[in-house]
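Visitor: how would this look folded up:
(chains A and B)
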2 protein chains.
Amino acid sequence: MREFVPPATRFVDLPPAFTMTSGGTLRDARIAYETFGRLNAARDNAVLVLTGLSPDAHAASHPADPTPGWWEAMLGPGKPVDTDLWHVICVNSLGSCKGSTGPASIDPATGEPYRLDFPELSMEDIADAAAFTVRALGIERLACVIGASMGGMSSLSLLARHPGLARNHINLSGAVHSLPFSIAVRSLQREAIRSDPDWRQGRYDDEHYPRRGMLTARKLGMMTYRSATEWETRFGRTRLSPESLEGQEPFSPEFQVESYLDFHARRFVRRFDPNSYLYLSRGMDRFDLGASCGGDAHQALSRLGVENALVMGAESDILFPLRQQRDIAEGLRSGGTHVEFVPVDSPAGHDAFLADMDRFGPPVAKFLALLS
Amino acid sequence: MREFVPPATRFVDLPPAFTMTSGGTLRDARIAYETFGRLNAARDNAVLVLTGLSPDAHAASHPADPTPGWWEAMLGPGKPVDTDLWHVICVNSLGSCKGSTGPASIDPATGEPYRLDFPELSMEDIADAAAFTVRALGIERLACVIGASMGGMSSLSLLARHPGLARNHINLSGAVHSLPFSIAVRSLQREAIRSDPDWRQGRYDDEHYPRRGMLTARKLGMMTYRSATEWETRFGRTRLSPESLEGQEPFSPEFQVESYLDFHARRFVRRFDPNSYLYLSRGMDRFDLGASCGGDAHQALSRLGVENALVMGAESDILFPLRQQRDIAEGLRSGGTHVEFVPVDSPAGHDAFLADMDRFGPPVAKFLALLS
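Guide: Numbers count the residues shown, from 1 in each chain, chains lettered A, B, ... in the order given. Here you go, the predicted model:
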């Protein structure tokens, strides 16, 4: 059981007993975060970033950790989210394994990792923990909350559960709930992990680690994060060299696209806690903004009280299809929010907000410039 | 190791030494087939059906086996492929496990199943074996060859390698080669089987059977055969009843779409030989009509010498996307074939030729009516 905390990540302690929406309680939990840019004297230039399933709080390089972050092209001095203007807080989700308390953390009651004794986790819990963190940092009102992918879900939840905490909102490739195809993809990813004999009902260790299950889960993820068109341009039907095939097991990779998936999945597999993956993945399936607000999603969106919103998504996204972002835009608009809806014709699929900065950067820059 | 042969399936012996495109040789191999409707005196009303990866030769019910076949709605008296007019031969692919010789068959040299000693298998081999079968049944010229999905590949190969054998062609949801996304899907399916400890490098038996790997492979298949839109209408976010969740393992299915996948995958898992699946799946990845004809695919199509062709595909197909069927139509047309290209706006994805008979049936019926 390992946690994977970037070197300059800092922490906020949650209340000694943090109650989760499932009714479970976390004792002495903490939230990992990093900040970028300075908070101004009026304390009104803070922007919160909520992440997708796998990122940590190190969204971009900064003086204390010059390593490039996962959103390096989006965030920094002179970047679309300009840290010369904004004080950005990126929070690692509750339940993750990148510093915030999650299934790989030590349960103070037992001195052992929580593993499957971690309480059920919801997007609402992630939102509540993030809201607590923001306030603990002395910020009463955010200029904007930005959420992409799973972060698009948790930020909608934050807006619903903490009215007035954020004035404006950027939602990238997000959704008010998961569609059955996305649930099926994640279900299969979880099944790959669970059916790996080394998962051991969550009681794996470094020696017995569900490596194969994690590999399959990650590859399946990568297949649904990107688009078929992108891969056509990128790999076509290029084969591996005959030499590299020699001595391989039967039915091993023969095409470049296969070895690409293999290479990247192998990099991921030891850097994310499998139990944490299961909890966050299931939390996304269950998220339902409408249901959790006691009505339908459109109604819930119309009541969020956001002043301005930018909603973006990619045509080629099969996991969070564009019509889900259109629904968010329409719901917000019906409540009086001034909404920019920017559908993007990118081949980069669900990952476009990470991979296609040419298309995602400028609308974000423009939107934030109008707020400042 | 089991084969799964429908009761009324018949057999044609291949030549005692059948040479495969890989250079391998099969001894005493056979091809399973069923026929529907009568061959006329002129022997000019024969139609060959080549199947997708998993079906057997029992495409439809007939007097000798009244069980409904896998294409029951398409084929029979008065159906789109009208067996009152046509003598239909459905061939089980070489390498399958439904009666034709494949990895689960006994190798006469050893008295043991071939398993991974089965020679490398190509779409060309499947086409050659089917062509041999047709001629062995006394048919020199087919009125039409119909191929869907993988059968769309093997039928293009048959037309290229056996000029003059078929006058006309129906290609449904087919392709001249596999795209990287489809290769990636199949690669992951194979990996799920190969990484199941019970696969044992192909040496499983009934007691040690790669059940979990086959389940994952099939679920992944089902996810790519159908479309996200169809599932939205069909399942939405309906949950299983609280009672059915009780006592389940952690992270077990909670949503209807998950239990649907589970139910259907379980039905499949013991009915298809895992090694056979690996061979056929890899054969599809490797198929490349252009390369195998020493040029590009467009050129190869233009030389097939088909008189009339019907080419169909579904907008929602992510595995054999519609542009691949458009390419087939254009290639054939450039060679002088009279082509009907019918793109279908169906939510049923790659499986639309099986599942959406309302949209696929009438164009097939109309095309065949013009030939008779």
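
Visitor: For chain A, which segments count as helices?
Guide: Here chain A has its helices, by DSSP state H, at A:123-136, A:150-161, A:180-194, A:211-225, A:228-234, A:242-245, A:256-269, A:274-286, A:289-292, A:297-302, A:322-334, A:352-355, A:357-371.

Visitor: okay, the angle between the third one and helix B:211-225?
Guide: Angular relation of helix A:180-194 and helix B:211-225 on a 0 to 180 degree scale: 160 degrees, by axes from the mean of the first three to the mean of the last three C-alpha atoms, to 10 degrees.

Visitor: With the second one instead?
Guide: Here the directions of helix A:150-161 and helix B:211-225 differ by 80 degrees (the same axes, to 10 degrees).

Visitor: and helix A:150-161, what's its mean pLDDT?
Guide: On average, the pLDDT along helix A:150-161 is 98.

Visitor: ok, residue A:305 to residue B:171 distance?
Guide: To residue B:171, residue A:305 is 55 Å away according to C-beta to C-beta, to the nearest Å. Using the backbone N, CA and C atoms, a C-beta is placed for each residue, glycine as well.

Visitor: so what's the residue positioned nearest the centre of chain A up against?
Guide: Nearest to the geometric centre of chain A sits residue A:52, at 0.9 Å (C-alpha atoms, centre = their mean). For residue A:52, the contacting residues are A:148, A:149, A:150, A:151, by C-beta atoms under 8 Å, 6 or more residues apart in numbering or on different chains.

Visitor: go again using 10 Å as the cut-off
Guide: Counting by C-beta atoms under 10 Å, 6 or more residues apart in numbering or on different chains, residue A:52 makes contact with A:70, A:93, A:147-154, A:172-174, A:225, A:280, A:284, A:350-351, A:353-354.

Visitor: which one is it nearest to, not counting chain neighbours?
Guide: Of all residues not flanking residue A:52 in the chain, residue A:149 sits nearest, at 3.6 Å (C-beta to C-beta, 6 or more residues apart in numbering or on different chains).

Visitor: Equivalent analysis for residue A:136, please.
Guide: The shortest distance from residue A:136 to any non-neighbouring residue, by C-beta to C-beta, 6+ apart, is to residue A:12 (4.6 Å).

Visitor: Can you give me the neighbour number for residue A:243?
Guide: Residues contacting residue A:243 under the criterion other C-beta atoms under 10 Å in any protein chain shown number 7.

Visitor: Same check on residue A:204?
Guide: 22.

Visitor: thinking it is in contact with residue A:278, fair?
Guide: No: using C-beta atoms under 10 Å as the test, residue A:204 is too far from residue A:278 to be in contact (11.7 Å).

Visitor: which residues do these two both contact?
Guide: With C-beta under 10 Å, 6+ apart as the test, residue A:204 and residue A:278 both reach residue A:193.

Visitor: so how far is residue A:79 from residue A:39?
Guide: Noted for residue A:39: a distance of 18 Å to residue A:79, by C-beta to C-beta.

Visitor: tell me which residues in the lowest-mean-pLDDT helix or strand in chain A are buried?
Guide: When the helices and strands of chain A are scored by mean pLDDT, DSSP states H and E, helix A:242-245 comes last with a mean of 87. For helix A:242-245, burial by neighbour count (16 or more other C-beta atoms under 10 Å in any protein chain shown) applies to no residue.

Visitor: what about it and chain B, touching?
Guide: No: using C-beta under 10 Å from any C-beta of the partner chain, we find that helix A:242-245 stays clear of chain B, coming within 12.5 Å at best.

Visitor: what does stretch A:104-120 give?
Guide: Yes: contact of stretch A:104-120 with chain B (C-beta under 10 Å from any C-beta) involves A:116, A:120.

Visitor: what comes up buried for that stretch?
Guide: Neighbour counts over stretch A:104-120 (16+ other C-beta under 10 Å) mark A:104, A:105, A:107, A:113, A:114, A:115, A:118, A:119, A:120 as buried.

Visitor: just stretch A:155-174 next, same as before
Guide: Neighbour-count burial for stretch A:155-174 flags A:155-160, A:162, A:165-174 (criterion: 16+ other C-beta under 10 Å).

Visitor: If we check chain B, which of those are in contact?
Guide: Answer for the buried residues of stretch A:155-174 near chain B: none qualify (C-beta under 10 Å from any C-beta).

Visitor: Find the nearest non-adjacent residue to residue A:199, please.
Guide: Nearest non-adjacent residue to residue A:199, counting by C-beta to C-beta, 6+ apart: residue A:210, 4.1 Å away.

Visitor: you'd agree that neighbour is up against residue A:192?
Guide: Yes: look at residue A:210 against residue A:192 with C-beta under 10 Å: they come within range, at 8.5 Å.

Visitor: any common contacting residues for the two?
Guide: Shared contacts of residue A:210 and residue A:192 (C-beta under 10 Å, 6+ apart): A:199, A:216, A:217.

Visitor: how about whatever residue of the stretch 251-372 of chain A ends up closest to chain B, what does it touch?
Guide: Per C-beta to the nearest C-beta, residue A:257 is where the stretch 251-372 of chain A lies closest to chain B, at 4.0 Å. Taking C-beta under 10 Å, 6+ apart, we find residue A:257 in contact with A:223, A:231-232, A:234-238, B:179-184, B:187, B:285.
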